[in-house]
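Enquirer: Got a sequence here, can you model it:
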Amino acid sequence: MSEPLHPGSKEDFINNLPDEKLAEIFKWLPIRERFRLSRVCRRWSRIRPTCITTFDSACCRKMTLPRMGVLAKRFRSLRQAFIRNREKDMLENKIVCKGVLSLCGLYLRCLTLRDFSSTCVVELISQTPNLQHLRIMGDNLSVKRLEKVAGLLPSLRSLELNLSSQATKLSVKYNALSRMEGEVISKCHKLEYLSLGNSSKTHKEFLFPANLKYLDLRYANGRSNYYLKQAVRYCKNVEAIHLPFVYEPCEKTLQFLGQVSGLTFLAIYFHTMYFQRHPEPFSRFCSRLSHLRALELCSANVTTLSEISRCCKQLEHLSFHIFQIGITDDNWTEVLSLAALPKLCSLSIILMHFNKTQYTEFFSSLAAKGNLQYIKVTTYHSSRTLIPVESVCELLQSCKELQYIDLDIDNENGDSYTKLCQTVDKIEEMDRDLAPASRRNGLAAQIKVCKNMPEVEKYKWLHFMKRVPRSPIHTKWQWGCLSAGKPKWFDE
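Expert: Purely as a prediction, here's the structure:
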C-alpha cells in the first residue's frame with residue numbers, strides 16, 4: 001500500500017506530474033472537482049491540447065448559472081469540449097452549457113454534441129463562431145433548426161454527422177434528415193474532413209464540397225457506393241477514403257476507387273478469401289492504385305500480398321492481417337516481398353501460426369532495409385511461437401529512424417529483456433554524438449511482458465522503461481483518426 005501524502009507534499013505531487021498524466025486525471029474528474037484544483041488550472045494552457053473537457057447533466061445539474069459563470073472564466077483558453085445531454089428534459093443542463101460556452105465559445109475549435117434537441121444545438125453552436133471541428137450525434141433533431149448550422153459555421157473544416165438511428169430508418173423524419181445532411185455539407189465550402197452515417201436512398205443529389213480531402217464512410221454501410229460516386233464527380237482533391245466492412249466488394253466500389261486520381265490513403269475492410277477465389281478483380285484494382293502511399297486491409301492472403309507488392313511501389317504505410325490459409329513454403333517469398341517495398345516505413349500486422357524460422361527471416365528482411373519508423377506485430381493468441389529476441393535486436397540496431405515498436409517477444413530462456421536493454425544501451429552509446437535527440441529519446445517502446453517473465457527480468461525492463469519515453473506516436477498516415485477528440489491539424 002502506498003504511503004499517504006503529507007499536506008505539504010500535495011502541491012509538489014501535482015506539479016511533478018507529467019502533462020499527459022495530469023490531463024488524463026483531469027479528464028475523469030467531475031467538473032466541480034476540476035475547478036478546486038487551482039494548481040491544475042494554472043497549467044491548463046499547457047495541457048489543453050491533450051484533454052477533452054466534458055460537460056453533462058450528471059456533473060452540472062446542481063450548479064447555478066452565476067457560479068458556473070465565475071468558474072468558467074478560468075477556461076477562456078478552452079479549445080475542445082464534449083457535451084452530452086443525459087437528461088433530455090432538464091432545462092438546467094441547457095442553461096449551464098450555454099453559460100460555459102458564452103465565456104469560452106469564442107476560443108472553442110472542437111465541439112461534440114450528443115442527444116440535444118435541434119433548437120439547443122443551434123443555440124450552442126451560435127456561441128462558437130470560430131469552430132473548426134464539429135461532431136453531432138443523436139436522432140432527435142428537426143430539419144428546420146438544423147438548416148441554420150451551416151450558415152453559422154462558414155470556417156468549418158471537419159464535420160461528423162450521425163443524425164439517424166435504426167428506429168427512425170423508415171420514417172419521414174429520417175428521409176428529411178438525410179436531405180438536410182446534404183444541405184449542410186454543400187454549404188460548408190471549407191470542409192476537408194467529412195464523416196457520414198447511413199443516409200436515405202430517397203435523396204437524389206448529394207453535393208460534396210470541392211475542397212474535401214478526407215472522406216470517412218465507415219458507418220455508411222448501405223450508401224458507400226453512392227457517396228463514392230458523388231465524391232468522384234465533385235471532389236478532385238480527395239486524398240483519403242475509409243470504407244466500411246464488406247465480405248465481397250462489388251465491382252462498382254473498385255471502379256469508383258480507381259477513378260480517384262489523387263488518392264493516397266485507403267482503408268478498405270473486405271474479406272480477402274473472396275479474392276483468393278476471384279483474383280482478377282483485385283489485380284485490376286491494385287493496378288489502378290499504383291500511387292497509394294497508405295493502405296489498410298482487414299485481412300490479407302497470398303493473392304493480395306502478391307498484388308500489393310507488385311503494383312503499390314509507393315506504399316509507406318501498410319496494415320493488415322495475415323491468415324495462415326494458403327501460405328506454404330513455396331509461396332512464402334510473397335510474404336517476404338513486402339519487405340522489398342522501397343518506401344515502406346510503417347507496418348502493422350497480425351501473424352498467425354508463423355514458426356521461428358519464418359519470424360527470423362521476415363524480420364531480417366525488414367532490418368535489411370533500415371528505414372522502418374513504426375512497427376506493430378501481434379502474434380496469434382493460440383500460437384506458442386513468439387518473435388525471437390535476436391530478430392528484435394537486429395531491427396533496433398538496423399533501423400536508425402525507428403520511433404515506435406510494439407511486439408510480442410519470446411522470453412523462453414528468461415533473458416530476452418536483458419538482451420534488449422543491452423542492445424538499446426549499445427545503440428545509445430554508438431549514436432550519442434551522431435544521432436539527433438529524437439533518435440535517442442523518441443523511441444516509444446511498447447514491448448509486451450510475457451507471463452513467464454522472471455521477477456529479476458521484469459525489474460530490469462521496468463527500470464529501463466523509465467528512461468524511454470512512451471508518448472503516443474502520431475504518424476502522418478492517421479489522417480482521419482482523432483487523437484483525444486482533435487483532428488491532426490488541431491495544433492497548427
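
Enquirer: Is Thr112 in a helix, a strand, or coil?
Expert: Following DSSP: H, G, I helix; E, B strand; the rest coil, Thr112 is assigned to strand.

Enquirer: bridging residues for it?
Expert: For Thr112, the beta-bridge partners are Phe82, Arg135 (DSSP bridges).

Enquirer: now it: how far from Leu124?
Expert: Counting by Cβ to Cβ, to the nearest Å, the gap from Thr112 to Leu124 is 11 Å. Backbone N, C-alpha and C define where each C-beta goes, glycine included.

Enquirer: Quick check on the two: which one has the bigger neighbour count.
Expert: More crowded of Thr112 and Leu124, by other Cβ atoms under 10 Å: Leu124, with 22 against 19.

Enquirer: And the more buried one, which helix or strand is it part of?
Expert: Per DSSP states H and E, Leu124 falls inside helix 118-125.

Enquirer: For that helix, which helices and strands make contact with it?
Expert: Here helix 118-125 is seen to pack against helix 91-104, strand 110-114, helix 143-152 when contacts are counted using 3 or more Cβ pairs under 8 Å, 6 or more residues apart in numbering; DSSP states H and E.

Enquirer: quick one: buried residues of it?
Expert: Using 16 or more other Cβ atoms under 10 Å as the test for burial, helix 118-125 gives Ser118, Cys120, Val121, Val122, Glu123, Leu124, Ile125.

Enquirer: if we can go back for a sec, select from the helices and strands packed on helix 118-125 the stretch with the lowest mean pLDDT.
Expert: Ranked on mean pLDDT, the bottom entry among those is helix 91-104, at a mean of 60.

Enquirer: before we move on, the earlier item: adding pLDDT, write the buried residues of helix 118-125 out as JSON lines.
Expert: Conversion of the buried residues of helix 118-125 to JSON lines gives the following (pLDDT from 0 to 100):
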{"residue": "Ser118", "pLDDT": "68"}
{"residue": "Cys120", "pLDDT": "74"}
{"residue": "Val121", "pLDDT": "76"}
{"residue": "Val122", "pLDDT": "77"}
{"residue": "Glu123", "pLDDT": "77"}
{"residue": "Leu124", "pLDDT": "77"}
{"residue": "Ile125", "pLDDT": "80"}
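
Enquirer: Make JSON lines from those and add distance to Leu243 to it.
Expert: Shown next, in JSON lines, are those (distance: Cβ to Cβ, whole Å):
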{"residue": "Ser118", "distance to Leu243": "30"}
{"residue": "Cys120", "distance to Leu243": "33"}
{"residue": "Val121", "distance to Leu243": "29"}
{"residue": "Val122", "distance to Leu243": "32"}
{"residue": "Glu123", "distance to Leu243": "36"}
{"residue": "Leu124", "distance to Leu243": "32"}
{"residue": "Ile125", "distance to Leu243": "30"}
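
Enquirer: of these, closest to Thr328?
Expert: Nearest to Thr328 among those is Val121, at 57.2 Å by Cβ to Cβ.

Enquirer: these two touch, right, the closest one and Ile136?
Expert: Yes - using Cβ atoms under 8 Å, Val121 makes contact with Ile136 at a distance of 6.6 Å.

Enquirer: So Val232 is in contact with Phe256, correct?
Expert: Yes - counting by Cβ under 8 Å, Val232 touches Phe256, with 5.6 Å between them.

Enquirer: Between the two, tell me which one has more neighbours.
Expert: Taking other Cβ under 10 Å, Val232 and Phe256 do not tie; Phe256 has more neighbours (21 against 18).

Enquirer: Now the phi/psi pair for the more buried one, please.
Expert: In terms of degrees, to the nearest 10, the main-chain angles of Phe256 are phi -60, psi -40.

Enquirer: State the distance from it to Ala210.
Expert: Here Phe256 is placed at a distance of 18 Å from Ala210 (Cβ to Cβ).

Enquirer: and if you look at Leu347?
Expert: 34 Å.

Enquirer: More neighbours: which of the two?
Expert: More crowded of Leu347 and Ala210, by other Cβ under 10 Å: Leu347, with 21 against 11.

Enquirer: For that one, which residues are in contact?
Expert: Leu347 sits next to His317, Leu318, Ser319, Leu338, Leu366, Leu372, Tyr374, Ile375, Lys376, Val377 when contact means Cβ atoms under 8 Å, 6 or more residues apart in numbering.

Enquirer: Relative to Leu215, how far out is it?
Expert: Leu347 is 25 Å from Leu215, where distance means Cβ to Cβ.

Enquirer: Low-confidence regions, the stretch 1-150 of the chain specifically.
Expert: Across the stretch 1-150 of the chain, the ranges flagged by pLDDT under 70 are 1-104, 115-118, 138-147, 150.

Enquirer: The stretch 351-492 of the chain now?
Expert: Checking the stretch 351-492 of the chain against pLDDT under 70 turns up 352-353, 380-385, 403, 410-414, 417, 421, 424-492.

Enquirer: 90 - rerun?
Expert: Per-residue confidence for the stretch 351-492 of the chain (pLDDT under 90) gives these ranges: 351-363, 365-492.

Enquirer: which residues does Arg293 contact?
Expert: Counting by Cβ under 8 Å, 6+ apart, Arg293 makes contact with Thr264, Phe265, Gln314, Leu315, Glu316, His317, Lys343, Trp477.

Enquirer: how much space between it and Tyr269?
Expert: 19 Å.

Enquirer: what does Thr418 give?
Expert: In this view, Thr418 and Tyr269 are 40 Å apart by Cβ to Cβ.

Enquirer: for Tyr107, same thing?
Expert: For Tyr107, the distance to Tyr269 (Cβ to Cβ) stands at 38 Å.
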